[in-house]
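J.: What would the 3D arrangement of this be:
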Amino acid sequence: MSRYRRARVPGATYFFTVNLRNRKGDLLTRHIALLRETVRITKARHPFHIDAWVVLPEHMHCLWTLPEDDADFARRWKVIKQLFSRGLDATEPLSPAQLARGERGIWQRRYWEHLIRDELDYQRHVDYIHFNPLKHGHVTRVRDWPYSSFHRAVRDGIYPLDWAGGNDEGETGCWGE
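T.: Predicted coordinates for the structure are as follows:
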């Protein structure tokens, strides 16, 4: 079995990518109210700050800052995944191994996590999160994607409304993985 090394720094900011097992579905956006409720419940039980978040049909990216004395992001993801899964009807096909482990088969087993190193790293990840719906072809303007913290960032004066895809000349920037 692989041993994954994760950086666990109390009070740090982390970037995450979390995927559904079915990368061709739309479960996350179709059940966005359930996802929002599971995040709300998880934050109440295990506080964290959402710096940025985007939900796409089959995956999501987010940036969280944990409390000063806490580095347990894994517990938070476990709760979010469990609550979301429990809120859905069990219709997905399951392998014998998943049945034996009591798994649902909705989520990919692992997720991508990255410890934010500095302000530039932070800004690049925030931009990546907000640009993602445009990158995947869901919209032609970032502001048109409804499941994004971009709208909060515009209200807070962090981005102009026409950022990344809002003008006729095209946007340039660092939007890579």
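
J.: quick one, what contacts the residue nearest the centre of the chain?
T.: Nearest residue to the geometric centre of the chain (C-alpha atoms, centre = their mean): residue 61, 2.9 Å. Counting by C-beta atoms under 8 Å, 6 or more residues apart in numbering, residue 61 touches 15, 16, 17, 52, 53, 54, 128, 129, 132. Using the backbone N, CA and C atoms, a C-beta is placed for each residue, glycine as well.

J.: which element is the nearest residue to residue 47 once chain neighbours are set aside on?
T.: Nearest in space to residue 47, with sequence neighbours left out and distances taken as C-beta to C-beta, 6 or more residues apart in numbering, is residue 67 at 5.8 Å. Taking DSSP states H and E as the definition, one finds residue 67 inside no helix or strand.

J.: Might one say that residue 67 is in contact with residue 73?
T.: No: counting by C-beta atoms under 8 Å, residue 67 stays clear of residue 73, with 11.1 Å between them.

J.: So these two - more neighbours on which side?
T.: Higher neighbour count among residue 67 and residue 73: residue 73, with 21 against 13, using other C-beta atoms under 10 Å.

J.: For residue 83, see how far away the more buried one is.
T.: Going from residue 73 to residue 83 by C-beta to C-beta, to the nearest Å gives 16 Å.

J.: got the buried residues for the least confident helix or strand in the chain by mean pLDDT?
T.: In the chain, no helix or strand scores lower on mean pLDDT, DSSP states H and E than helix 96-101, which sits at a mean of 78. For helix 96-101, the buried set under the neighbour-count rule, 16 or more other C-beta atoms under 10 Å, is empty.

J.: who's in contact with the helix or strand just after it?
T.: The helix or strand immediately downstream of helix 96-101 is strand 112-115, counting by DSSP H and E. When contacts are defined by C-beta under 8 Å, 6+ apart, strand 112-115 is touched by residues 6, 7, 9, 12, 13, 14, 15, 16, 17, 18, 73, 125.

J.: switch to 7 Å and redo it
T.: With contact meaning C-beta atoms under 7 Å, 6 or more residues apart in numbering, strand 112-115 is reached by 6, 7, 9, 12, 14, 15, 16, 17, 73.

J.: Kindly export whatever helix or strand residue 131 lives in (C-alpha atoms) in PDB.
T.: Element membership of residue 131 [criterion: DSSP H and E] is helix 119-135. Provided in PDB are the C-alpha atoms of helix 119-135 (Å, rounded to 0.1, in the frame of the first residue of the first chain):
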ATOM      1  CA  GLU A 119       1.500  35.200  -1.000                       C
ATOM      2  CA  LEU A 120       2.400  34.600  -4.600                       C
ATOM      3  CA  ASP A 121       1.500  30.900  -4.300                       C
ATOM      4  CA  TYR A 122      -1.700  31.900  -2.500                       C
ATOM      5  CA  GLN A 123      -2.800  34.400  -5.300                       C
ATOM      6  CA  ARG A 124      -2.000  31.900  -8.100                       C
ATOM      7  CA  HIS A 125      -4.200  29.300  -6.500                       C
ATOM      8  CA  VAL A 126      -7.000  31.700  -5.900                       C
ATOM      9  CA  ASP A 127      -6.800  32.700  -9.500                       C
ATOM     10  CA  TYR A 128      -6.700  29.100 -10.600                       C
ATOM     11  CA  ILE A 129      -9.800  28.300  -8.600                       C
ATOM     12  CA  HIS A 130     -11.800  31.100 -10.000                       C
ATOM     13  CA  PHE A 131     -10.600  30.600 -13.600                       C
ATOM     14  CA  ASN A 132     -11.400  26.900 -13.600                       C
ATOM     15  CA  PRO A 133     -15.000  27.000 -15.000                       C
ATOM     16  CA  LEU A 134     -13.700  28.900 -18.000                       C
ATOM     17  CA  LYS A 135     -10.700  26.600 -18.400                       C
END
